[in-house]
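In: I'd like to go over a predicted model; first the sequence, then the structure.
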Amino acid sequence: GNSVTQMEGPVTLSEEAFLTINCTYTATGYPSLFWYVQYPGEGLQLLLKATKADDKGSNKGFEATYRKETTSFHLEKGSVQVSDSAVYFCALVTGTASKLTFGTGTRLQVTL
Amino acid sequence: DTAVSQTPKYLVTQMGNDKSIKCEQNLGHDTMYWYKQDSKKFLKIMFSYNNKELIINETVPNRFSPKSPDKAHLNLHINSLELGDSAVYFCASSPRDRTLLEQYFGPGTRLTVT
């Protein structure tokens, strides 16, 4: 079956620090990969996606590259802001059922 | 111009009661989902409907029954509520076009069973 493994949180960074949140996956077939973000008290929002190997998804300064050889989709941002504090979920989908499999989420806390 | 809406936002009820959560999307999507997020933030799919037809039914107690009166609505009815049902329930939808794939989530319904 499909699974997604994310690094344990919480991750605490100072503003303007570099962010990496690791994500690796196991999937049958060729998955599409996603990062979702959940701000406090809100639902999930799609942050970025990549649908095939070597694709790079990017949005709001965040980037992630689909690495088939290492089955990874690590999230990076060069300079985080306090407003980036949230829970970040790595996810994948395979096949036609559109069933998203989520990682456990990584909480990011950015301080001044 | 809310895309995916859920009601209620908060629901506090006692064990043994029956309750419903409603979801509506105005995006014209064909597929809708229910997810459960536990206290550790772990998200797991429960059900998926495509144009009113059930297509995903994960291992969920049969006390949970989804109902889709039309493709814009997917409601979740829960019978005989238990303490372990306390969680945040998210509705989501996605378009017919499989190349798009992303799902749009509602704001969630926090269910507390006492």
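Out: Cool, got the structure. Keep in mind it's a predicted model, so treat the numbers as computed, not measured. Numbering: from 1, shown residues only, chains lettered A, B, ... in the order given.
In: Get me the contact residues on chain A for chain B.
Out: Those residues of chain A that sit near chain B, judged by Cβ under 8 Å from any Cβ of the partner chain, are A:32, A:34, A:36, A:38, A:42-46, A:49, A:51, A:87, A:89, A:93, A:96-100, A:102, A:104-105, A:107. Backbone N, C-alpha and C define where each C-beta goes, glycine included.
In: Can you pull out the low-pLDDT segments for chain B?
Out: Chain B contains residues with pLDDT under 70 at B:1-2, B:97-100.
In: partner residues bridging the residue nearest the centre of it?
Out: With distances taken as Cα atoms, centre = their mean, B:Trp34 lies nearest the centre of chain B, 3.0 Å away. For B:Trp34, the beta-bridge partners are B:Phe47, B:Cys91 (DSSP bridges).
In: thinking it is in contact with B:Phe47, fair?
Out: Yes - the pair B:Trp34 / B:Phe47 is scored as a contact, 4.8 Å apart, by Cβ atoms under 8 Å.
In: what's the overlap in contacts for the two?
Out: Here B:Trp34 and B:Phe47 have B:Pro66, B:Leu74, B:Leu76 as joint contacts, going by Cβ atoms under 8 Å, 6 or more residues apart in numbering or on different chains.
In: Quick check: closest non-adjacent residue to the first one.
Out: Meaning B:Pro66. Distances taken as Cβ to Cβ, 6 or more residues apart in numbering or on different chains put B:Phe47 closest to B:Pro66, at 4.5 Å, once the chain neighbours are dropped.
In: what does A:Ser83 give?
Out: Distance criterion Cβ to Cβ, 6+ apart; nearest residue to A:Ser83, sequence neighbours excluded, is A:Val110 at 7.9 Å.
In: Could you say which helix or strand holds the one you found?
Out: Taking DSSP states H and E as the definition, one finds A:Val110 inside strand A:106-111.
In: Average pLDDT for that strand, rounded please.
Out: Mean pLDDT, strand A:106-111: 96.
In: can you check stretch A:1-19 too?
Out: Mean predicted lDDT for stretch A:1-19 stands at 93.
In: do stretch A:40-51 as well
Out: 91.
In: Can you tell me what sits against it?
Out: A:32-39, A:56-60, A:62-66, A:73, A:75, A:85-86, A:88-89, B:4, B:43, B:90, B:92, B:99, B:101-108.
In: can you pull out the strands in chain B?
Out: Using DSSP state E, the strands of chain B run over residues B:4-7, B:10-13, B:19-25, B:31-37, B:43-50, B:53-57, B:64-70, B:73-78, B:87-94, B:104-105, B:109-113.
In: Can you name the next helix or strand after the helix or strand encompassing A:Glu63?
Out: A:Glu63 is part of strand A:62-65 when elements are defined by DSSP H and E. Downstream of strand A:62-65, the first helix or strand assigned by DSSP H and E is strand A:75-77.
In: Check which strands are paired with that following strand and give the direction for each one.
Out: strand A:19-21 (antiparallel), strand A:62-65 (antiparallel).
In: Buried deepest among these, which one?
Out: Highest mean neighbour count among the strands paired with strand A:75-77 (mean count of other Cβ atoms under 10 Å in any protein chain shown): strand A:62-65, with a mean of 20.
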